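Asker: When you get a sec, could you give me coordinates for this:
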Amino acid sequence: MSIEAALTRREEALAPALAEVVTRAAERVPGFAARLAEAGATADQVCRDLALLPLLSKDELVERQRVEPPHGGLLDPDAEVARWFQSPGPLYEPQLEGADWRWGQALGDLGVGSSDIVINCFGYHLSPAGAMLEQGARSVGAAVLPGGIGAQDLQVRAIADLGVTAYLGLPSYLKALVERYDEAGLPAERWRLTRALVTAEPLPDSLREVLVERVPHVRMAYGTGETGLLAWEPAGEEPGNGLVLADGVHVSVCEIGTGVPITDETEGEVVVTLLRADYPLIRFGTGDLSGWMLGPDGSLRLRGVLGRVGQAVKVRGMFLHPRQVSSVMEQVPEVAGYRFVIDRVDHVDLLRCEVVSQNGDVTASQLQELVAAKVREGLRFAVKVDVVEELTPGDGPLVDRRDWS
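Answerer: Now for the predicted structure:
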């Protein structure tokens, strides 16, 4: 079967649910009706050809929410919101009653179930990742230890005392927990953690090799805070065969700039349509680059996340955009120039900010403290600040020096 034929089969299977979502959203959600009007298309036309609707980028969604807070008109007036989340942007994301982010599909495939205790090392504050992954673990019957990020001494003690068997979080953070467990001198026989579903940053072969020495079953998954799980590495295969697509969500790969769906192996932007009429994220551009491939069984798969479309970069599992950086640094008049440098040492992202002082009214240490506090408050990143005489000519506000080999 060709990629085009596999795409056609999936499109046909999702078509009835997609048509219902588009029709209902056009009737009930003002912001989606406005998108149709802006495109000069009717709901019936979009049901037949989804590509008639221009992509909705994250930046556009942020702007729509700014103009019409908090949801940009893209929420059914009768929708029941259980939680609100805030991601960098700021972008506000509703968790609706009854919503399924689908992470349980990947966990179930990995073999996680009712006999497992899962430590969830995604943040629970403001951003949706912690709640998303917890819902996935609970959907397969697993008990959850809400670890979050930090307090590693307490986390490794709990791994030993509770007999934690599975992990959710960044691959780099799993490596840090393994190392902290050994440093704490905890008994090797009480390490029962054998499965890990990792996401939000790349998993290079070099890091995977380190992890599987202690956690035999490590699988990569791909999703976003706005859309939930989109694809994952199947557990029954060797890594490198692509990511199987999650059920219950429409995923396409589209040409950058045109939004035209791609039906071969050409790289493009991952574009997602949620099959929910009460919050119709339809043709949402994730900003992630990927491409299609076929698995050993002939199934349609994504090749993984191959990069980013725009200027945003992901650091420690969270996006950092030049626009966000500039909005924060504009609040520090003591800085004449700056740049953020991202390095990766021993499989851990390191964020550093180089600044040039505007004048001599503050000392170097005072400027370091001031900038670090503003970045922590505005961007939710801990950062090392270096005061320098001048910046390298030609560098932009974000310099990514990471090597993922």
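Asker: could I have whichever helix or strand Val325 is part of exported to PDB, CA atoms only?
Answerer: Using DSSP states H and E, Val325 sits within helix 322-329. Extracted as PDB, the C-alpha positions of helix 322-329 are listed here (Å, rounded to 0.1, in the frame of the first residue of the first chain):
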ATOM      1  CA  PRO A 322      11.700  35.200  20.300                       C
ATOM      2  CA  ARG A 323       8.500  37.200  20.700                       C
ATOM      3  CA  GLN A 324       8.100  36.000  24.300                       C
ATOM      4  CA  VAL A 325      11.800  36.700  25.000                       C
ATOM      5  CA  SER A 326      11.600  40.300  23.700                       C
ATOM      6  CA  SER A 327       8.400  41.000  25.700                       C
ATOM      7  CA  VAL A 328      10.200  40.000  28.900                       C
ATOM      8  CA  MET A 329      13.600  41.600  28.200                       C
END
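Asker: The stretch 151-300 of the chain: helices as residue ranges?
Answerer: For the stretch 151-300 of the chain, the helices defined by DSSP state H, counting those that start in this stretch occupy 152-162, 171-183, 205-211.
Asker: If you count neighbours, what's buried in the last one?
Answerer: Of the residues in helix 205-211, 207-208, 210-211 count as buried by neighbour count, 16 or more other Cβ atoms under 10 Å. Just so you know, the C-beta spots here come from the backbone N, C-alpha and C atoms, and that holds for glycine as well.
Asker: OK, contacts around Gly228?
Answerer: Going by Cβ atoms under 8 Å, 6 or more residues apart in numbering, Gly228 touches 100-103, 132, 246, 249.
Asker: picking up where we left off before, most tightly packed of the helices of the stretch 151-300 of the chain?
Answerer: Comparing the helices of the stretch 151-300 of the chain by mean neighbour count (mean count of other Cβ atoms under 10 Å), helix 171-183 comes out on top with a mean of 20.
Asker: Report how many residues lie close to Glu213.
Answerer: 8 (other Cβ atoms under 10 Å).
Asker: Distance check, it against His71.
Answerer: Taking Cβ to Cβ, to the nearest Å as the measure, Glu213 falls 45 Å from His71.
Asker: sorry, back to before: just the buried residues of the contacts of Gly228.
Answerer: Buried residues within these, counting neighbours by 16+ other Cβ under 10 Å: 101-103, 132, 246, 249.
Asker: want to try JSON lines for the residues you listed, with pLDDT and distance to Arg219 as columns?
Answerer: Below are those laid out as JSON lines (pLDDT from 0 to 100; distance: Cβ to Cβ, whole Å):
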{"residue": "Trp101", "pLDDT": "97", "distance to Arg219": "17"}
{"residue": "Arg102", "pLDDT": "98", "distance to Arg219": "15"}
{"residue": "Trp103", "pLDDT": "98", "distance to Arg219": "12"}
{"residue": "Met132", "pLDDT": "96", "distance to Arg219": "17"}
{"residue": "Ala246", "pLDDT": "98", "distance to Arg219": "14"}
{"residue": "Val249", "pLDDT": "98", "distance to Arg219": "19"}
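Asker: Closest one to Glu354 out of those residues, please.
Answerer: Nearest to Glu354 out of these is Met132 (Cβ to Cβ; 34.4 Å).
Asker: List the buried residues of the host helix or strand of that closest one.
Answerer: Element membership of Met132 [criterion: DSSP H and E] is helix 129-139. By neighbour count on 16+ other Cβ under 10 Å, the buried set for helix 129-139 is 129-137, 139.
Asker: closest to Pro54 among these?
Answerer: Nearest to Pro54, judged by Cβ to Cβ, of the buried residues of helix 129-139 is Met132 at 27.3 Å.
Asker: still on that earlier bit, pull the helix holding Met132 out as PDB, backbone CA atoms only.
Answerer: Extracted as PDB, the C-alpha positions of helix 129-139 are listed here (Å, rounded to 0.1, in the frame of the first residue of the first chain):
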ATOM      1  CA  ALA A 129       1.200  18.300  30.600                       C
ATOM      2  CA  GLY A 130       0.800  16.900  34.100                       C
ATOM      3  CA  ALA A 131      -3.000  16.600  34.000                       C
ATOM      4  CA  MET A 132      -2.900  15.200  30.400                       C
ATOM      5  CA  LEU A 133      -0.500  12.400  31.200                       C
ATOM      6  CA  GLU A 134      -2.200  11.600  34.500                       C
ATOM      7  CA  GLN A 135      -5.500  11.200  32.700                       C
ATOM      8  CA  GLY A 136      -3.800   8.800  30.400                       C
ATOM      9  CA  ALA A 137      -2.400   6.700  33.200                       C
ATOM     10  CA  ARG A 138      -5.700   6.600  35.000                       C
ATOM     11  CA  SER A 139      -7.600   5.600  31.800                       C
END
